[in-house]
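*Asks:* The following comprises the amino acid sequence and a computationally predicted model.
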Amino acid sequence: MKSQLSQLISQAIASAQQAAVLPAELEYDIQIERTRDKSHGDYACNVAMQLARAARKKPRDIAEALLTHLPPHEGVDKVKIAGPGFINFYLSTNTIYAVVSTIIEQAERFGHSTVGAGQRVQVEFVSANPTGPLHVGHGRGAAYGAAVSDLLSACGFNVHREYYVNDAGRQMDILGTSVWLRYLELCGEELTFPANGYKGDYVWDVAASLHRNEGERLRHAWSAILDGAPKDEPEGGDKEEYIDALIARAKSLLGNEDYRFVFDTGLNYILDDIRDDLQHFGVVYDEWYSERSLTDSDAVTRAIERLKQSGHTYEKDGALWFKSSDYGDEKDRVLVRDNGVTTYFASDIAYHMDKMERGFDRVIDVWGADHHGYVPRVKAALQALGDDADKLDVLLVQFAVLYRGGEKVQMSTRSGEFVTLRQLRKEVGSDAARFFYVLRKCEQHMDFDLDLAKSQSNDNPMYYIQYAHARVSSVMRQLSEKQLSYDQHNGLQNLPLLTEQHELDLLSNLSKYPEVVESAGLKHEPHLLAHYLRELANGLHTYYNAHQFIVDDDQLRNARLCLISATKQVLANGLGLLGVSAPDSM
RNA sequence: GCGCUCGUAGUUCAGCUGGAUAGAAUAUCGGUCUCCGACACCGAAGGUCACAGGUUCGAAUCCUGUCGAGCGCGCCA
């Protein structure tokens, strides 16, 4: 409807220009908006005000002129000028009722569109280091990334969901070594666990499975490992140096093959856990992309070569630097360390180069807001490689602060109190977690009230929406008890009987849904959909309280049941896009 | 110190990229079941849009400055 009205306006402008009422050269952007106030009709256009200066006429006069040149349209009942120069459109009743049959006909596809035109979009989200289970900070990124992906998909984009697995690097070495040390403890070695090692219970779990399957094959004496190592932090040494020494010892004592085996056992165990966790959260990926594969396929060296060739690198202090400051980064960054090892940043350049080479039209990275300083250097790298950095959107997600019993839940990994996504799912359920995470704009700090998410009351917006859905199902169940029937075909014929204000409001709300999905998708803002669903649920509840649906009059009853069935469908569609279930009873 | 993000009812948040009288929810107060699920509905009250300037027909929204909050500023990942 919006686009049709927009066409009418541009035709009117063109025709007014031909009649020399408006100057030939004009710059404008036709915006058709939903009116906030019913008395302003259904849609409004502010183009007359935009044209005022260039045309050197009063906005209201321009609006008058456009009105006389506006072609008629069967969906539009009347057009009025109001306020400083708004052009208000009033839709015809046929148009207003048509939405119900459209919804019933398109069912779960209602709200889908083709604005994306099949463009290929890659969405990378979560991508947490596989050094431990996901925590609630990752949860928001997961819920947000999944919702954005599903919205884009509904908008006709071809979406590729991807998790970048950091299966290389020092953090993973620390994990591998931590696993090995716990394994040695299970073998009976008496050792002091390094201050900088991973101390979570899951490390014991991995070590136990290693011990079960491999026996004592990988055992080495603690004294041999410690031989020549520096002091750990509690003994007055440096914990970083100490753990690096242990990693080096693990590599030399175990040999390449066995070290890799221990390392991969830890990696795969945790990755399986993350995969399982996300799946229960309703988040699935098309691809788990390995960082290590970038090294194995020489993509990293290729990326570095390309930067070298194009003259964007230099050597200093034995390291190879990328001149990211040429592209607005605050300083240059190291690609290859003086010890010859490439940095994480080098892998990330290769990864983004690979994304571009795979031919995506758009690339979206969902990152935790603490990584915001990283954006300029990745964009710089893309520019230096000759790619279009504007193809990349980095969406930053702020952390959520949890509250329980009015108290902030302390979030230190050390205390172990309520930090994992799994615990959150267990406490409030997957539906509530998914919904609450996307209720707020992503760059907004957010307070996550656990008690509210758990409560089964009208305070809880998710229950409120689900209840609206369940309520319609309940009404339908009541039909048979009352020995009355629902004839959909007959209902669709009699929609014009729906003349109550509550009904007209609900119809108008339903017709907004496709616009909400499109806007939420294109703007990457699922919270728009969450808020819309609350409004729609409110419309249903209000209607329910004001009018009886199951009435004796067959025609009116069928029409009303059509309307609430359509509402139920839209609620289900919207909740589905947010990864929340739509129950028939609660 | 520099950079990024943010500041809207007591509280948690919207505000459609500059539009009509700044909106919900919650908390508070007062009403609604002989009725399809009261897990609901109706009403009241609640605001110097952090502050000060600027841009224009028009600013919560854009620009500058100040104050305040969070995060970032490794040859870690």
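*Replies:* The structure has been received and is ready for your questions. All of these numbers come straight from a predicted model, not from anything done at the bench.
*Asks:* Helix or strand: which one has residue A:448?
*Replies:* Following DSSP states H and E, one finds residue A:448 within strand A:446-449.
*Asks:* okay, the helix or strand following that strand in CSV with CA atoms only?
*Replies:* Going down the chain from strand A:446-449, the next helix or strand is helix A:450-454, by DSSP H and E. This file holds the C-alpha atoms of helix A:450-454, laid out as CSV (Å, rounded to 0.1, in the frame of the first residue of the first chain):
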residue,chain,number,x,y,z
LEU,A,450,14.9,-12.7,35.6
ASP,A,451,11.9,-12.6,37.9
LEU,A,452,9.9,-10.8,35.2
ALA,A,453,11.0,-13.2,32.5
LYS,A,454,9.9,-16.1,34.7
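*Asks:* Next secondary structure after helix A:450-454?
*Replies:* helix A:461-481.
*Asks:* contacting residues around that next one?
*Replies:* Applying C-beta atoms under 8 Å, 6 or more residues apart in numbering, the external contacts of helix A:461-481 come out as A:431-432, A:435-436, A:439, A:453, A:455-458, A:485-486, A:530, A:533-534, A:536-538, A:540-541, A:544, A:549-550, A:561, A:564-565, A:567-568, A:571-572, A:575, A:580-586. (Each C-beta comes from the backbone N, C-alpha and C, glycine too.)
*Asks:* Mind checking which of those land in helices?
*Replies:* A:431-432, A:435-436, A:453, A:530, A:533-534, A:536-538, A:540-541, A:544, A:561, A:564-565, A:567-568, A:571-572, A:575 (DSSP state H).
*Asks:* overlap between those residues and the residues near RNA strand B?
*Replies:* For RNA strand B, the contacts drawn from the ones in helices among the contacts of helix A:461-481 by C-beta under 7 Å from any atom of the strand are A:534, A:538, A:541, A:544.
*Asks:* which among the residues you listed gets closest to RNA strand B?
*Replies:* The closest of those to RNA strand B turns out to be residue A:541 (C-beta to the nearest atom of the strand; 3.2 Å).
*Asks:* Leaving out chain neighbours, which residue sits closest to the closest one?
*Replies:* Nearest non-adjacent residue to residue A:541, counting by C-beta to C-beta, 6 or more residues apart in numbering: residue A:468, 6.0 Å away.
*Asks:* Only the buried subset of the contacts of helix A:461-481, as a ChimeraX command please.
*Replies:* Buried members of those, defined by 16 or more other C-beta atoms under 10 Å, are picked up in ChimeraX with:
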select /A:431,432,435,436,439,453,486,530,533,534,536,537,540,541,544,549,561,564,565,567,568,571,572,575,580,582
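*Asks:* Return the residues in contact with the spatially closest residue to residue A:372 that is not a sequence neighbour.
*Replies:* Counting by C-beta to C-beta, 6+ apart, residue A:372 lies nearest to residue A:396, which is 5.3 Å off, once chain neighbours are set aside. Residues counted as contacts of residue A:396 (C-beta under 8 Å, 6+ apart) are A:367-369, A:371-372, A:375, A:442-443.
*Asks:* any chance of the ones next to RNA strand B among the ones in helices among the contacts of helix A:461-481 in TSV, with distance to residue A:224 and pLDDT too?
*Replies:* Listed next are those as TSV, based on distance: C-beta to C-beta, whole Å; pLDDT from 0 to 100:
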residue	distance to residue A:224	pLDDT
A:534	64	95
A:538	70	95
A:541	71	96
A:544	75	96
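*Asks:* The helix or strand of chain A with the lowest mean pLDDT: how far from the chain's middle?
*Replies:* Least confident helix or strand, chain A: helix A:47-55 with a mean of 81, by mean pLDDT, DSSP states H and E. Distance, stretch centre to chain centre, for helix A:47-55: 38 Å (C-alpha atoms, centre = their mean, to the nearest Å).
*Asks:* That one: which residues count as buried?
*Replies:* The neighbour-count check on helix A:47-55 (16+ other C-beta under 10 Å) flags A:47-52, A:55 as buried.
*Asks:* again, but for stretch A:254-265
*Replies:* Neighbour-count burial for stretch A:254-265 flags A:254, A:258-259, A:261-263, A:265 (criterion: 16+ other C-beta under 10 Å).
*Asks:* Ok, stretch A:106-113 next?
*Replies:* A:110-112.
*Asks:* Any residues of the stretch 301-450 of chain A in contact with RNA strand B? List them.
*Replies:* Residues of the stretch 301-450 of chain A lying close to RNA strand B (C-beta under 7 Å from any atom of the strand) are A:316-319, A:330-331, A:333-334, A:337-339, A:341, A:343-345, A:369-374, A:396, A:398-399, A:439-441, A:443-447.
*Asks:* Assign a three-state SS to the residue lying closest to residue A:86 once chain neighbours are set aside, would you?
*Replies:* Spatially, and ignoring its direct neighbours in sequence, residue A:86 is nearest to residue A:44 (4.9 Å; C-beta to C-beta, 6+ apart). Classification of residue A:44 by DSSP: H, G, I helix; E, B strand; the rest coil places it in strand.
*Asks:* Tell me what residue A:44 is bridged to.
*Replies:* residue A:33, residue A:88 (DSSP bridges).
*Asks:* Next one, pLDDT for it please.
*Replies:* pLDDT for residue A:44: 89.
*Asks:* can I assume it is in contact with residue A:37?
*Replies:* No - counting by C-beta atoms under 8 Å, residue A:44 does not reach residue A:37; the two are 9.4 Å apart.
*Asks:* Please identify which of these two sits among more neighbours.
*Replies:* residue A:44 (21 against 9; other C-beta atoms under 10 Å).
*Asks:* if we take the buried residues of stretch A:254-265, which one ends up nearest to residue A:302?
*Replies:* Checking these against residue A:302 by C-beta to C-beta gives residue A:263 as the nearest, at 25.1 Å.
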